[in-house]
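Enquirer: heads up, no residue letters with this:
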């Protein structure tokens, strides 16, 4: 209803939509990117894309508006991570960068490898304490490298349910680790 009003030129309708969804959408973005500046940029770009799509008459109300906004935000987050990854590539064409003798580009020393191995071992043990549905999603995502779409299809649930199970699994893993004094990061 509000989207239809906005499409017809009622700008106040969009103000209501913005107020209604801004906190949840920003929280969703920030939860994934863990960077306030990046989250703000993606948040603004999400609403700009929504405005353009609605104004062009390309928005169709086959689902919830909030889910549509999250899908836009999710795609922008992926684009942002891809762009960041491409910006961090090192070219061997630069003569002033010695790629072979740069400690920052090395794979790490034996101590780091041992610490990382211990963290992975701890995580595998913690996963065993998760409820079955959460453990299944974690194993499929991280150990079988399946997409959430594939997980949803294989488990017979929606993508949102798969994402929700992953979210709760991560929260439970953090809670269990904290309760047991297990540190899952490298300082």
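Expert: Nice, thanks for sending it over. Quantities reported herein were computed from a predicted structural model and do not represent experimental measurements.

Enquirer: residue 86: neighbouring residues, count only.
Expert: Burial of residue 86 is recorded as 8 neighbouring residues (other C-beta atoms under 10 Å). The way it works is simple: take the backbone N, C-alpha and C, and place the C-beta from them, glycine included.

Enquirer: in terms of pLDDT, where does it sit?
Expert: With respect to pLDDT, residue 86 has a value of 70.

Enquirer: start the count at 447, not 1, going forward
Expert: Renumbered: residue one is now 447, and that last one reads residue 532.

Enquirer: next one: it from residue 510, what distance?
Expert: Residue 532 sits 33 Å away from residue 510, going by C-beta to C-beta, to the nearest Å.

Enquirer: and for residue 522?
Expert: 18 Å.

Enquirer: ok, those two, which is more surrounded?
Expert: With neighbours defined as other C-beta under 10 Å, residue 522 and residue 510 compare such that residue 522 has more, 20 against 9.

Enquirer: got the phi and psi for that one?
Expert: Per-residue torsions, residue 522: phi -70, psi -40 (degrees, to the nearest 10).

Enquirer: that one against residue 494, yeah?
Expert: No. Look at residue 522 against residue 494 with C-beta atoms under 8 Å: they stay out of range, at 9.9 Å.

Enquirer: tell me the mean pLDDT for stretch 590-606?
Expert: 89.

Enquirer: and for stretch 487-497?
Expert: Rounded mean pLDDT across stretch 487-497 is 92.

Enquirer: now it: buried residues?
Expert: 488, 489, 491, 492, 493, 496 (16 or more other C-beta atoms under 10 Å).

Enquirer: can you pull the contacts of residue 453?
Expert: 500, 501, 503, 505 (C-beta atoms under 8 Å, 6 or more residues apart in numbering).

Enquirer: quick check: chain neighbours aside, which residue is closest to the second one?
Expert: Read it as residue 501. Of all residues not flanking residue 501 in the chain, residue 453 sits nearest, at 7.1 Å (C-beta to C-beta, 6 or more residues apart in numbering).

Enquirer: please pull out the lowest mean pLDDT helix or strand from this protein.
Expert: The weakest-scoring helix or strand in the chain, judged by mean pLDDT, DSSP states H and E, is helix 556-573 (a mean of 75).

Enquirer: quick check: mean pLDDT of the very next helix or strand once past it?
Expert: The helix or strand immediately downstream of helix 556-573 is helix 578-584, counting by DSSP states H and E. Computed over helix 578-584, the mean pLDDT rounds to 91.

Enquirer: and helix 578-584, what does it pack against?
Expert: helix 594-601, helix 605-625 (3 or more C-beta pairs under 8 Å, 6 or more residues apart in numbering; DSSP states H and E).

Enquirer: hmm, try it at 6 Å
Expert: If contacts are counted by 3 or more C-beta pairs under 6 Å, 6 or more residues apart in numbering; DSSP states H and E, helix 578-584 sits against helix 605-625.
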